[in-house]
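# Mind looking at a prediction? Sequence and model below.
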Amino acid sequence: MARLAHVPVVVASRDVGALDCPRHTALVRVTHWITTVSFVALLVSGVAILIAQPGLYWGETGFYGDPSLINLHLTQNEHHSGWGRSLHFLAAWVCVLTGLLYAVSGLLTRHFRDNLAPDKAELAWRPIRRVLWNHLRLKRPGEDESRRYNVVQRLSYLAVVFVLFPLMIQTGVAMSPAVVSVLPALVSVWGGHQSARTIHFFVMNLLILFLIVHIAMVGLAGFRTRTRAMITGRNTAGKEHL
């Protein structure tokens with residue numbers, strides 16, 4: 001999802017015929033799909049954990065039946081908690097290690113600077129408004145637009161990689177008694193275990209929203225072509241919108 005690399009390419013015109021163009025490196029493709037699987041596992045196990053304790057609280061403690069900050073009105077079922085926590089812990093470590101590999105690679109190869117950092121001119125309100133309006137209308141990108149990240153995509157990917165995922169990791173760690181016993185500042189900075197859990201919940205919702213928009217935009221740009229490029233690492237020019 002957020003782990004998408006776009007290698008600048010020179011594309012022949014449509015009348016030249018099909019031309020295979022490199023799109024994604026092997027490392028990006030591998031980390032993308034590992035992150036996808038681990039994210040789904042985190043989502044499923046997170047729902048199981050949430051069902052075991054459907055209330056959201058603020059501060060250090062909070063129990064079912066106590067006054068809650070937000071009541072999700074889910075039927076409580078504590079039987080899901082055991083396997084949910086085990087799967088969540090395993091998927092979280094897979095996601096963290098994969099993310100670290102992607103982040104280190106992105107820094108060393110200048111992927112973030114070359115492909116994701118927006119130009120100063122792109123940060124003006126007018127181009128951002130134009131791209132947002134096109135997204136809201138579900139307008140299909142043109143061939144030239146589909147071959148590079150627009151400013152909204154760049155800012156979204158950077159926010160996911162450097163803001164939302166780190167927040168998920170930090171608030172998740174803050175809910176671990178073993179870790180917090182060694183580093184209590186990890187939870188005190190949020191105001192308590194339950195505060196960290198509530199923030200964790202809202203950040204996850206932002207990631208789910210990003211995922212939905214990401215899949216929608218991939219579909220508009222050409223789902224089969226984009227998925228093929230993320231699997232094989234190559235994309236066929238002149239067939240962007242198949």
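Now that the structure is in, tell me what you want to look at.
# Who are the packing partners of the host helix or strand of Ser181?
Assigning secondary structure by DSSP states H and E places Ser181 in helix 177-182. Using 3 or more Cβ pairs under 8 Å, 6 or more residues apart in numbering; DSSP states H and E as the contact test, the elements touching helix 177-182 are helix 185-188. Any C-beta I mention is one placed from the backbone N, CA and C, and that applies to glycine too.
# tell me which residues in the helix it packs on are buried?
Residues 186-187 are the ones in helix 185-188 that count as buried (16 or more other Cβ atoms under 10 Å).
# Need the contact partners of it.
170, 173-175, 179-180, 193, 196 (Cβ atoms under 8 Å, 6 or more residues apart in numbering).
# which regions of the chain lie under the pLDDT threshold?
Residue ranges of the chain with pLDDT under 70: 1-23, 64-65, 79-80, 141-148, 235-242.
# So which residues of it form strands?
Ranges of strands within the chain are 19-22, 55-56, 70-71, 234-237, based on DSSP state E.
# Chain neighbours aside, what residue packs nearest to Phe112?
Gly106 (4.8 Å; Cβ to Cβ, 6 or more residues apart in numbering).
# Tell me, how many residues neighbour that neighbour?
21 (other Cβ atoms under 10 Å).
# Then Ala229?
Applying other Cβ under 10 Å, I find that Ala229 has 20 neighbouring residues.
# so it makes contact with His24?
Yes. Taking Cβ atoms under 8 Å as the definition, Ala229 is a contact partner of His24 at 6.0 Å.
# got the contact list for the residue lying closest to Leu158 once chain neighbours are set aside?
Of all residues not flanking Leu158 in the chain, Leu116 sits nearest, at 5.5 Å (Cβ to Cβ, 6+ apart). Taking Cβ under 8 Å, 6+ apart, we find Leu116 in contact with 149, 154, 157-158.
# quick one: which of the residues you listed is nearest Leu209?
Ranked by distance to Leu209 (Cβ to Cβ), the contacts of Leu116 are led by Tyr157 at 14.0 Å.
# Just give me the neighbour total for that closest one.
20.
# same thing with the one 5 residues further on?
Around Phe162 sit 14 other residues, with neighbours defined as other Cβ under 10 Å.
# How about Leu123?
With other Cβ under 10 Å as criterion, Leu123 counts 12.
# which residues sit in contact with it?
Val151.
# and the gap between it and Leu74?
To Leu74, Leu123 is 41 Å away according to Cβ to Cβ, to the nearest Å.
# could you flag which of the contacts of Leu116 are buried?
149, 154, 157.
# what's the closest of these to Trp58?
Once Cβ to Cβ is applied, the member of these that ends up nearest Trp58 is Tyr157, at 30.7 Å.
# wait, isn't that closest one in contact with Tyr149?
Yes. If you go by Cβ under 8 Å, Tyr157 and Tyr149 touch, sitting 7.3 Å apart.
# what number of residues lie near Leu136?
So Leu136, with other Cβ under 10 Å, has 8 neighbours.
# So which residues of this structure form helices?
26-52, 81-108, 111, 125-136, 151-159, 165-173, 177-182, 185-188, 193-232 (DSSP state H).
# Nearest to Glu60, out of these?
helix 193-232 (5.9 Å).
# How far off centre is the closest one?
5 Å (Cα atoms, centre = their mean, to the nearest Å).
# how about that helix: buried residues?
193-200, 203-204, 207, 210-211, 214, 217-218, 220-222, 225-226, 228-230.
# now stretch 37-48
38-39, 41-43, 45-46, 48.
# ok, of those, which one's closest to Lys139?
Nearest to Lys139 among these, with distances taken as Cβ to Cβ, is Phe39, at 27.3 Å.
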